[in-house]
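Asks: no sequence for this one, just the structure:
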């Protein structure tokens, strides 16, 4: 087989390897959509409207149709401007609507469905690369059955962002720095939390530069002497084991240069330079548009009463739940939920997840939990933090197949029912 044939076959082989995860994901999402359709019909509501024409979906389609500049002034003086919504999803909606008979809302739904599959594939690729194929399949299924998993099928930007973030992280892990930077730039055009992908690229890149510098400073005779100090029978046994052992997925280096060795420094540097261009470009454009300079986007968010206060407002929100008995139960649930998220992150650190995954998950979690408003949106804001789910995926992968299938099926059914109830009720703000 020629090099060209090998390269052409690579995507097919990757898709074939990911097929069980993608089929499982599609089945879970189909169950969720079917349950939503039946629940909504029983309440004389349109499931499709709930997915495409409420809350943020309306703001995105309005940007696609009319562009930026629309705002709503509330009686209390707050100004809700559509400049708060990053442009990549509206651009895609507008592009699809221009070349097809689909409406902007229809286009948003199509983007969400395709992006959710791309996100599932990206999550599989990351987990498979780090822990193996079985863990990759389980990671996708755990992400699919989250209680707020129905958002993955809405005309929101969460699925699109997660797809870009997952594949950018995979590119970092495998040493494809230009791809990582380009995808990080697109993620930065999708949601404000694109900062997490940029941080993952930059921190990992800096760590790789420091590692290379330390390696370069170590004299070659010192490295050779350290290798030669191992007893001959140890070296012989290691070589024999490497030849006879079956091929297994190799965990990446902590700095994400992939199993083939370090990437050229210029590629790494260029990828790092590309990464922040999307988010920085949009934020600077908003500042120019509003006439308030580089911090203009923060003023736009302030009009929505949204910002970063280190979690103070959220802590007060939780504390207020304990002023009466019924709401105190909700307060306990919130504390348990936050504790679970923090615990999962600690487990990720203790299990030695690669640096880019830890940085990305940490920033997404911090931005979600420490935002000063829209407390009901926090579960949705945590949806892209898929590395937090890898400890659960590993536990599921180590169990018997029958037991794992039973657990996934039960949780998928509960998630589908909750998603239908949620969208027909308060829904994701």
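Replies: Cool, the structure landed. Predicted, not measured: the structure shown is a model, and the values here were computed from it.
Asks: where does the prediction get shaky in the stretch 1-150 of the chain?
Replies: Scanning the stretch 1-150 of the chain for pLDDT under 70 picks out the ranges 1-9.
Asks: what ranges do the helices span in it?
Replies: 3-42, 47-52, 56-66, 88-99, 104-131, 133-144 (DSSP state H, counting those that start in this stretch).
Asks: would you turn those into CSV with mean neighbour count?
Replies: Heads up, the C-betas are built off the backbone N, CA and C, glycines and all. Formatted as CSV, the helices of the stretch 1-150 of the chain follow (neighbours: other CB atoms under 10 Å):
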stretch, mean neighbour count
helix 3-42, 15
helix 47-52, 20
helix 56-66, 20
helix 88-99, 19
helix 104-131, 24
helix 133-144, 26
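Asks: residue 206: which of those helices is closest?
Replies: helix 104-131 (20.7 Å; CB to CB).
Asks: any idea how far the closest one is from the middle of the chain?
Replies: With CA atoms, centre = their mean, to the nearest Å as the basis, helix 104-131 stands 10 Å off its chain's centre.
Asks: also stretch 375-393?
Replies: Taking mean C-alpha positions (CA atoms, centre = their mean), stretch 375-393 and its chain are 8 Å apart.
Asks: adding distance to residue 388, write the helices of the stretch 1-150 of the chain out as JSON lines.
Replies: Formatted as JSON lines, these follow (distance: least, CB to CB, whole Å):
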{"stretch": "helix 3-42", "distance to residue 388": "18"}
{"stretch": "helix 47-52", "distance to residue 388": "25"}
{"stretch": "helix 56-66", "distance to residue 388": "23"}
{"stretch": "helix 88-99", "distance to residue 388": "24"}
{"stretch": "helix 104-131", "distance to residue 388": "12"}
{"stretch": "helix 133-144", "distance to residue 388": "10"}
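Asks: determine which of these approaches residue 412 most closely.
Replies: Comparing the helices of the stretch 1-150 of the chain by CB to CB, helix 3-42 comes nearest, at 4.8 Å.
Asks: residues contacting residue 407?
Replies: Applying CB atoms under 8 Å, 6 or more residues apart in numbering to residue 407 gives the contacts 396, 399.
Asks: what distance do you get for it to residue 413?
Replies: For residue 407, the distance to residue 413 equals 11 Å [CB to CB, to the nearest Å].
Asks: residue 136 against residue 127, yeah?
Replies: Yes - judged on CB atoms under 8 Å, residue 136 makes contact with residue 127 at a distance of 4.0 Å.
Asks: pull up the overlap in contacts between the two.
Replies: In contact with both residue 136 and residue 127: residue 393, using CB under 8 Å, 6+ apart.
Asks: what's the closest of the helices of the stretch 1-150 of the chain to residue 170?
Replies: helix 104-131 (4.7 Å).
Asks: tell me what the closest one is packed against?
Replies: With contacts defined as 3 or more CB pairs under 8 Å, 6 or more residues apart in numbering; DSSP states H and E, the packing partners of helix 104-131 are helix 3-42, helix 47-52, helix 56-66, helix 88-99, helix 133-144, helix 158-173, helix 390-397.
Asks: got the angle for the longest one vs helix 133-144?
Replies: Note on geometry: by axes from the mean of the first three to the mean of the last three CA atoms, to 10 degrees, helix 3-42 and helix 133-144 are set 30 degrees apart in direction.
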